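A.B. asks: Give me the fold of what follows.
(one chain, ligands or ions: 1)
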Amino acid sequence: MPTTSTPTHCPYCALQCGMALSPLPTGGVEVVERPDFPVNRGALCGKGRTAPAVLSSRVRLTTPLVRSGGSLVPATWEEALDRIAAEFGRLRAEHGADTLGVFGGGGLTNEKAYALGKFARVVLGTSQIDYNGRFCMSSAAAAGIKAFGLDRGLPFPLEDIPRTGCVILVGSNLAETMPPALRFFNELRENGGTLVVIDPRRTKTAEQADLHLAPRPGTDLALALGLLHLIVAEGRVDEEYVRERTTGWEDARAAAMAHWPEYVERITGVSVPELRETVRLFCEPEAAMVLTARGPEQQSKGTDTVGAWINLCLATGRAGRPLSGYGCLTGQGNGQGGREHGQKADQLPGYRKLDDPAARRHVAEVWGVDPDSLPGPGRSAYELLDALGSDVRSLLLMGSNPVVSAPRAAHIEERIRSLEFLAVCDVVLSETAALADVVLPVTQWAEETGTTTSLEGRVLLRRRALTAPEGVRSDLEVLHELAARLGVEKGFPTEPEEVFEELRRASAGGVADYSGISYDRLAEGNGAGLFWPCPAETEAAPEPGAEARAQGGEGDGPQGLEGDGRPGLEGDGRPGLEGDGPQGLEGDGRPGLEGDGRPAGTPRLFLDRFATEDGRARFVPVSHRPAAEEPDDDYPVLLTTGRVVAQYQSGAQTRRVDELNAAAPGPFVELHPRLAARLGAAEGDPLAVVSRRGRAVAPARITTGIRPDTVFMPFHWPGEGRVNTLTNPALDPTSRMPEFKVCAVRVEIAD
Ligand code: SF4
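C.D. replies: All right, here's what the predicted structure looks like:
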């Protein structure tokens, strides 16, 4: 094991802050800052700083557990693995492969996500695999693919943010979710740029903004349409850009013109002067960006909502140009990579589509199987969980805790309890693991090596820094052992680098091409990583989307604009981009070769063309529609959900850290003083929040920083304060994202 400090990355969110782990004389490790890592420059939030506490937690699992007589009891690894293999084999023989479900997580490394997807399709032969990243940013992914032909969280590095002119941040509270990222926005304002924050709550992020708009939850789509209406009405459309680089403008324009400002004001509660000021701030600078997060995405119209914000960027020429563009701030540590390499229901490695014959042939060849043996696309995450106990009779769960994190959680908990067989790999006995028939104790981030892909599309190497406790095995070892027991002796290596080498080949030529990336390259220099696509043969490699174009039988369309304001050409005196990018970044961000002839990766996408068949971005005409559940006499208040800085997702890890629990010990109901007065509630009073799906109880937190028609609850806790008991699983028709962000409730003083 390393005796000196090991550079690595935080296990939690998609910022993937750089840190180092230094061995302690007493055993274990401590976190050391890594100021040389360009994204966070040494800064960490409390979650990252305390992450080693989970490694040595007194509730850490170190022995497999097997259910016997109604209780989970310690077992040997052989007994536990044999039981899983026997149950999967039996159920498959009796009911078919699709009776076996697999559910992954956005925190799994690329290697694990890849191996899990391959395990499901090659070993189990099931189509029933999806992951909790579906709950995170799948609407942004769907909208990005529709508009640009490709989904990568940010199509530019975070370091571009301080040098643009205006950022509209829609539904992101990054001051709490990823605090080190706030510096990019502070620098933006120091440089003379402006920040507009759109959020129903006056969050810590909104407090930093030049302008804060607080729309009614579920109306972000109408808001974007109203802004586009004003852009047209005020003559601010970049007609040349629209003509040269886009298609579909007339239909999108017509849809937006039906959303006049006064109408939008009535829907959203955002005043017409605020709409006009937003348009002014966004359109006056040479460059501007729109960034979305879970607020607009976790809606039953999330894909259309993100599409409307993309339309705003396209109409004003703010996409595929330096320092301009649309981006999604992905949430989970490897939410991006997790969906690129095969644990999503409809995808194969390299962001290939499972229903694409050429993609199936390519991946099947790498896997050494017949393409026809690969199952087709399966159900989305909520639909898969909802099917448990009916036609999906067993589940292998890796890196997720849906009893807390799924919408309509009491129902999902009941579905999980009705399974014939549940196997869970986890580091602690999460609320979902506690329901399992077999629990396997697995290694954590610092005890294993692997790659993740950050919200920038930056592929990073997390390195092993200490030895795992005795009795613990890695997820890759689990898959290797289970595959062997189910008759597949080869193809599931336990060394992460070996898995990555196969992933490189499987991704080669795909949209998310990693073939030019290796562990050696990721370990070089300050470990700043490489941005995909990074083809091994840059000069001969297709541009993103070229494979899809070729399969469609259509030739390339006209090239996009070039020479129209490359990095460094701003006329306002702000610094350009040359020379200060991360490792492997070329001056203009295009794929290219480093000085030694190796591919450099692609920090900035779409500068010459979009990844569509004709190279043009596509406007998608969208119209406002209400949330799936609107307030009425029985449920007159809107509920929205989110996060707090000291907890992460379902809290399976962070609720085991004393310092974080002290800072954020439990859920609360945030409400406006006017609503509190109507209820007769005082600060700290227990409030019952009731929706059509159930009831949650938590203390009142009264603040003027929320709309009077809305209450907010964070979602990190189980039990009576579990807000996902209330949330609505209404799905977006394209992304199948549930509507976490808005549902109708009534609020009462709890008995
Ligand atoms: Fe950085 Fe996110 Fe980890 Fe906090 S949780 S240290 S913001 S990666």
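A.B. asks: Please count neighbours and contacts with C-alpha atoms only from this point.
C.D. replies: Will do.
A.B. asks: By proximity to the ligand, which residue of the stretch 601-750 of the chain wins?
C.D. replies: Tyr648 (7.5 Å; CA to the nearest ligand atom).
A.B. asks: For that residue, give me phi and psi.
C.D. replies: phi -130, psi 120 (degrees, to the nearest 10).
A.B. asks: Please enumerate the helices of the stretch 1-150 of the chain.
C.D. replies: 46-49, 52-55, 77-95, 110-118, 138-148 (DSSP state H, counting those that start in this stretch).
A.B. asks: List the buried residues of the last one.
C.D. replies: Buried residues in helix 138-148, counting neighbours by 16 or more other CA atoms under 10 Å, are found at Ser138, Ser139, Ala140, Ala141, Ala142, Ala143, Gly144, Ile145, Lys146, Ala147, Phe148.
A.B. asks: So among the residues you listed, where is pLDDT lowest?
C.D. replies: Across the buried residues of helix 138-148, the bottom pLDDT score, 90, is held by Ser138.
A.B. asks: how much space is there between the closest residue to it other than its chain neighbours and Leu435?
C.D. replies: What sits nearest to Ser138 in space, not counting adjacent residues and going by CA to CA, 6 or more residues apart in numbering, is Ser735, at 5.5 Å. For Ser735, the distance to Leu435 equals 29 Å [CA to CA, to the nearest Å].
A.B. asks: Contact partners for the residue of the stretch 301-450 of the chain found nearest the ligand?
C.D. replies: Nearest residue of the stretch 301-450 of the chain to the ligand: Gly333, at 7.1 Å (CA to the nearest ligand atom). By CA atoms under 8 Å, 6 or more residues apart in numbering, Gly333 lies in contact with Pro11, Tyr12, Cys13, Ala14, Leu15, Gln16, Gly106, Gly107, Leu108, Thr452, Thr453, Ser454.
A.B. asks: one more time with 10 Å, if that's ok
C.D. replies: 9-17, 105-109, 452-455 (CA atoms under 10 Å, 6 or more residues apart in numbering).
A.B. asks: Next: Asp732.
C.D. replies: 138-139, 297-304, 628, 738-739.
A.B. asks: Show me which pair in those residues is furthest apart.
C.D. replies: Across the contacts of Asp732, the longest distance by CA to CA is 18.1 Å; it joins Ser138 and Ala628.
A.B. asks: ok, how many other residues are close to the residue in the stretch 351-500 of the chain that the ligand sits nearest to?
C.D. replies: Closest contact between the stretch 351-500 of the chain and the ligand, by CA to the nearest ligand atom, is at Ser454 (9.2 Å). Residues lying near Ser454 (other CA atoms under 10 Å) number 28.
A.B. asks: what's the spacing between it and Ala730?
C.D. replies: 28 Å.
A.B. asks: And Glu265, by the same measure?
C.D. replies: From Glu265 to Ala730 the distance is 25 Å (CA to CA).
A.B. asks: Quick check: which element contains the residue lying closest to Arg321 once chain neighbours are set aside?
C.D. replies: Of all residues not flanking Arg321 in the chain, Leu607 sits nearest, at 5.5 Å (CA to CA, 6+ apart). Secondary structure assignment for Leu607, by DSSP states H and E: no helix or strand.
A.B. asks: what do you get for Glu274?
C.D. replies: Per DSSP H and E: helix 272-283 holds Glu274.
A.B. asks: just checking, next helix/strand downstream of that helix?
C.D. replies: Taking DSSP H and E, what comes next after helix 272-283 is strand 289-292.
A.B. asks: partners of that following strand in the sheet?
C.D. replies: In the sheet, strand 289-292 lines up against strand 166-170 (parallel), strand 325-328 (parallel) (DSSP bridges).
A.B. asks: For Ala258, which of those is the nearest?
C.D. replies: Across the strands paired with strand 289-292, closest to Ala258 is strand 166-170 (CA to CA), at 22.1 Å.
A.B. asks: which stretches of the stretch 401-550 of the chain have low pLDDT?
C.D. replies: 538-550 (pLDDT under 70).
A.B. asks: Can you show me the CA trace of stretch 732-741 as PDB?
C.D. replies: Extracted C-alpha coordinates of stretch 732-741, given in PDB (Å, rounded to 0.1, in the frame of the first residue of the first chain):
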ATOM      1  CA  ASP A 732     -41.400  12.400 -18.700                       C
ATOM      2  CA  PRO A 733     -42.500  10.700 -21.900                       C
ATOM      3  CA  THR A 734     -39.000  10.800 -23.400                       C
ATOM      4  CA  SER A 735     -36.500  10.500 -20.600                       C
ATOM      5  CA  ARG A 736     -38.700   8.600 -18.200                       C
ATOM      6  CA  MET A 737     -37.600  10.900 -15.400                       C
ATOM      7  CA  PRO A 738     -40.000  11.100 -12.500                       C
ATOM      8  CA  GLU A 739     -41.400  14.400 -11.300                       C
ATOM      9  CA  PHE A 740     -39.500  14.800  -8.100                       C
ATOM     10  CA  LYS A 741     -39.700  18.600  -8.200                       C
END
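A.B. asks: Averaged pLDDT, it. What do you get?
C.D. replies: In the prediction, stretch 732-741 has an average pLDDT of 95.
A.B. asks: just stretch 97-109 next, same as before
C.D. replies: For stretch 97-109, mean pLDDT is 96.
A.B. asks: what distance separates that stretch from the middle of the whole chain?
C.D. replies: 16 Å (CA atoms, centre = their mean, to the nearest Å).
A.B. asks: Is any residue of it near the ligand?
C.D. replies: No: against the ligand, stretch 97-109 shows no contacts by CA under 6 Å from any ligand atom, the least distance being 11.4 Å.
A.B. asks: Straight-line length of that stretch, end to end?
C.D. replies: In stretch 97-109, first residue to last residue: 26 Å (CA to CA).
A.B. asks: hang on, the earlier thing: do I have it right that the residue nearest to Arg321 meets Gly317?
C.D. replies: No: taking CA atoms under 10 Å as the definition, Leu607 is not a contact partner of Gly317, at 11.8 Å.
A.B. asks: Looking at these two now, which is surrounded by more residues?
C.D. replies: Using other CA under 10 Å, the more surrounded residue of Leu607 and Gly317 is Gly317, with 24 against 21.
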